[in-house]
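In: Show me the folded form of this:
(2 chains)
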Amino acid sequence: MVQARTLNVDRQEELAAYKGEARWRIFWRRLRRSKGALVGIFILTLLLIAAIGAPLLAPYNPIKITDDALFSPGFPYLMGTDQYGRDIFSRILHGARISLIIGLISVGIAAAFGVLIGLIAGYYGKWVDATLMWVVNVMLAVPGILLALAIITIRGEPSLANLMIAVGISGIPTYARLVRGSVLAAKENLYVEAARASGAPTRMILFRHLLPNVIAPVIVAATLGTGTAILAAASLSFLGLGSQPPSPEWGRMLSEGRGYLRDQWWISTGPGLAIMLTVLAMNLLGDGLRDALDPRQAR
Amino acid sequence: MFRFLLSRLVTTVPVLFGVSLLVFMMLHLVPGDPVKMMLSEFQTSPEQVELLRSQLHLNEPLPQQYGRFVVNALQGDLGLSIRSKRPVRNEIAENLGSTLQLAASALLIAIGIGMPLGIIAALKQHSWLDIGPMIFALSGVSMPSFWLGLLLIFLFSLRLGWFPATGGGDLKHLVLPALTLGLGASAIIARLTRSSMLEVLRQDYMTTARAKGLNETIVVLRHGLKNALIPVVTIFGLQFGSLLAGAVVVETVFARPGIGRLIVNSILAKDFPMVQGIILFTATAYVVANLLVDLAYGLLDPRIRIG
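Out: A predicted model of the protein is given here:
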């Protein structure tokens, strides 16, 4: 029964392709089959609304210190206030903005450099490959957070920018290895040889012919990687090595709530839940994307 | 086997060389004067700055500095901490035991919880026994360890009073940090065991085993699990590295002495020799651990050492 349904779905896709239906529509149909991915998209949509609309949606100023310290959740403060009298709900909304920006920029840095290194290493091979992969392996030899810590140390003062650079750089090896592997296989294809024979410049072969054919796993890795980056950044901020007060960064907020755990549990609960839901959504969407982009991997 | 060992060693040495170069260059990649940065929190005279510069041999040409760094590191000399003025080696040695204890117990918890969950989920695919553990695993992967740690402190030490919230020393102090670190890792192991087991369950030899009338338990354990474990074992090496890194956060949450807390405090104090020493030591330990896992893997699976 299940098999019959799968066949049917594949047939639908074939038909759609035959009718010249856009590729993304086929992709969307596959993605829709994953309940997890839909939950992920739903959470991320809410998060995006929070991030974009924070100044309008937040009932209070997220960084203004007031006399209403340590109010418990309810009225007038939905999620309570912290030790400085700041509304936690407003801080979480504004924090969504920071977390999403951290996630996107760090992954942007990691993916841009990683893909470039992977393309070049895989395409040129020989000593170029050996040298670049040596660098990548050295980076991999230092566990992620330690590499980020090393970069933060080098950069001097802890700050949001340094945090994004650190998390971004420590993510490069993943993409470099992923793309290199795919390029090694893809460059043997006839279309690459044809492009080379017709005198296409290397840049064009790399970006027009090879890149689109190896991008699917990168998209999956970048989605999962955004979650990991947000988590890593929150950890570093929690340690005091990322964004600095009074920024409503979630990891930082959790760290500030530590001393009030016994009686004012809500100070750290809100940001903790926010981080977890965001990372969960990224993981759910990433898993769904993997199944939709590469049906052979689907389980 | 000897050739396999040799080939793995040949690839490991350049990586270790690279790590030493990276750690050495840390000091020289600092924008501006590294010595002034290190001393920025102290009131210092120009003489003291010069003294530290010459103590760190920063006036010598770079290749000579690097040569000295490597020769010293090979002899276990990682320099002096700027903060405590004690040898970095001694400080690492004093804190290592606590971190290893934490990482090892976390790994045991991770295997003890993750593997059975993964196996059950694979055997009962699409049932609640699959969905339940996988929701647990997904939440575990997404949960920030520092938040999990705080929740455990809230429940087990502040409310129930079963375990101390902070500090190190006896077994009671170990339980909550080990659980915090282990639960996150168990989620990864559960997901991996499940997918590896699902792969194996589809193999022809499983059908053959069943067809010859073997007891289902034997089929699953002897034919299934044994083969499914190979990729799981490799991840142990990687996991051990990430457990060591995870210790950075967990040790800070529980104010537990260890390498992780040492490096965070050293970064905040701009104690460069200490940070360099810890990163060099940890990365080397990580590379060696992975080499050992690779060798064990080669012993377990002949296809790897021949192929």
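In: okay, CA-based contacts and neighbour counts for the rest of this
Out: Will do.
In: How many residues are close by residue 278?
Out: Looking at chain A here, since you left the chain open. For residue A:278, the count of nearby residues is 24 (other Cα atoms under 10 Å in any protein chain shown).
In: that's the wrong chain, I wanted chain B
Out: 24.
In: hey, which helix or strand in the chain has the poorest pLDDT?
Out: Reading this off chain A. helix A:2-18 (a mean of 56; mean pLDDT, DSSP states H and E).
In: low-confidence ranges in the chain?
Out: Let's take chain A. A:1-21, A:294-299 (pLDDT under 70).
In: switch to chain B, that's the one I care about
Out: B:1, B:237, B:300-307.
In: Contact partners for the residue in the stretch 201-307 of chain B positioned nearest to chain A?
Out: Per Cα to the nearest Cα, residue B:283 is where the stretch 201-307 of chain B lies closest to chain A, at 4.9 Å. By Cα atoms under 8 Å, 6 or more residues apart in numbering or on different chains, the contact set of residue B:283 is A:141, A:142, A:143, B:19.
In: Same check on residue B:284?
Out: A:141, B:16, B:19.
In: longest helix anywhere in the chain?
Out: Using chain A. The longest helix of chain A (DSSP state H) is helix A:88-124.
In: Let me rephrase: I mean chain B.
Out: Assigned via DSSP H, chain B shows its longest helix as helix B:88-123.
In: on that earlier part again, if we go by neighbour counts, what in the strand or helix carrying the residue of the stretch 201-307 of chain B closest to chain A is buried?
Out: Using DSSP states H and E, residue B:283 sits within helix B:272-300. Buried residues in helix B:272-300, counted by 16 or more other Cα atoms under 10 Å in any protein chain shown: B:272-295, B:297-298.
In: can you list the contacts of residue B:284 in TSV and add secondary structure and distance to residue B:183?
Out: Putting those into TSV (DSSP: H, G, I helix; E, B strand; the rest coil; distance: Cα to Cα, whole Å) gives the following:
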residue	secondary structure	distance to residue B:183
A:141	helix	24
B:16	helix	31
B:19	helix	30
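In: re earlier: helix or strand right after the least confident helix or strand of chain A?
Out: Next element after helix A:2-18 (DSSP H and E): helix A:23-32.
In: elements contacting that next one?
Out: helix A:2-18, helix A:35-57, helix A:266-293 (3 or more Cα pairs under 8 Å, 6 or more residues apart in numbering or on different chains; DSSP states H and E).
In: So for the chain, the centremost residue is which one?
Out: Answering for chain A, as no chain was given. A centroid search over chain A (Cα atoms, centre = their mean) returns residue A:226, at 1.0 Å, as the residue closest to the centre.
In: sorry, should have said chain B
Out: Central residue of chain B (Cα atoms, centre = their mean): residue B:241, at 2.2 Å.
In: how many other residues sit next to residue A:199?
Out: Residues near residue A:199, counting by other Cα under 10 Å: 10.
In: Repeat that for residue B:23.
Out: Residue B:23, neighbours per other Cα under 10 Å, totals 21.
In: Chain neighbours aside, what residue packs nearest to it?
Out: Excluding its sequence neighbours, the residue lying closest to residue B:23 (Cα to Cα, 6 or more residues apart in numbering or on different chains) is residue B:276, at 5.7 Å.
In: For that neighbour, list the residues it contacts.
Out: B:23, B:24, B:26.
In: Could you single out the nearest of the residues you listed to chain A?
Out: residue B:26 (6.0 Å).
In: tell me which element the closest one is part of?
Out: helix B:2-28.
In: Quick one: residues in contact with the helix or strand following that helix.
Out: Next helix or strand after helix B:2-28 toward the C-terminus (DSSP H and E): helix B:34-38. By Cα under 8 Å, 6+ apart, the residues outside helix B:34-38 that reach it are A:156, B:27, B:28, B:49, B:52, B:53, B:269, B:270, B:271, B:272.
In: Repeat that for stretch B:131-150.
Out: Under Cα under 8 Å, 6+ apart, the answer for stretch B:131-150 is A:227, A:231, A:235, A:238, A:254, A:258, A:261, A:268, A:272, A:275-277, A:279-280, A:283, B:117-118, B:121, B:125, B:176-177, B:180-181, B:183-188, B:190-191, B:246, B:249-250, B:253-254.
In: between the contacts of residue B:283, which has the most around it?
Out: Going by other Cα under 10 Å, residue A:142 tops the contacts of residue B:283 with 27 neighbours.
In: Please tell me how far the residue nearest to residue A:293 when sequence neighbours are not counted sits from residue A:195.
Out: Closest residue to residue A:293 apart from its sequence neighbours, by Cα to Cα, 6+ apart: residue A:216 at 6.3 Å. The spacing between residue A:216 and residue A:195, counted by Cα to Cα, to the nearest Å, is 21 Å.
In: Around chain B, pick out the residues from the stretch 151-299 of chain A.
Out: A:153-156, A:227, A:231, A:235, A:238-239, A:241, A:254, A:258, A:261-262, A:268, A:272, A:275-277, A:279-280, A:283 (Cα under 8 Å from any Cα of the partner chain).
In: The same query, at a cut-off of 6 Å, please.
Out: The stretch 151-299 of chain A has residues A:154, A:272, A:276, A:279, A:280 near chain B, with proximity defined as Cα under 6 Å from any Cα of the partner chain.
In: Show me the contact partners of stretch A:30-48.
Out: With Cα atoms under 6 Å, 6 or more residues apart in numbering or on different chains as the test, stretch A:30-48 has contacts from A:281, A:284, A:285, A:288, A:292.
In: which pair in those spans the largest distance?
Out: A:281 and A:292 (16.2 Å; Cα to Cα).
In: okay, those two: which has more neighbours?
Out: Ranked by neighbour count (other Cα under 10 Å), residue A:281 and residue A:292 place residue A:281 first, with 28 against 24.
In: can you tell me the helix or strand for the nearest residue to residue A:151 once chain neighbours are set aside?
Out: Leaving aside its chain neighbours, residue A:151 sits nearest to residue A:166 (5.4 Å; criterion: Cα to Cα, 6+ apart). For residue A:166, the enclosing helix or strand under DSSP H and E is helix A:160-186.
In: Which parts of the stretch 51-200 of chain B are strands?
Out: Counting by DSSP state E, counting those that start in this stretch, the stretch 51-200 of chain B has no strands at all.
In: and it, which residues reach chain A?
Out: Going by Cα under 6 Å from any Cα, the residues of the stretch 51-200 of chain B near chain A are B:142, B:143, B:147.
In: give me the number of residues near the second one?
Out: Which is residue B:143. 22.
In: Can you give me the domain boundaries for chain B?
Out: B:2-74, B:95-269 (automatic domain parsing).
In: Go through the helix or strand hosting residue A:138 and flag the buried ones.
Out: Element membership for residue A:138, per DSSP H and E: helix A:126-141. In terms of neighbour count (16+ other Cα under 10 Å), helix A:126-141 has its buried residues at A:129, A:132, A:133, A:134, A:135, A:136, A:137, A:138, A:139, A:140, A:141.
In: Among the residues you listed, which ones lie close to chain B?
Out: Among the buried residues of helix A:126-141, chain B is touched by A:138, A:141 when using Cα under 6 Å from any Cα.
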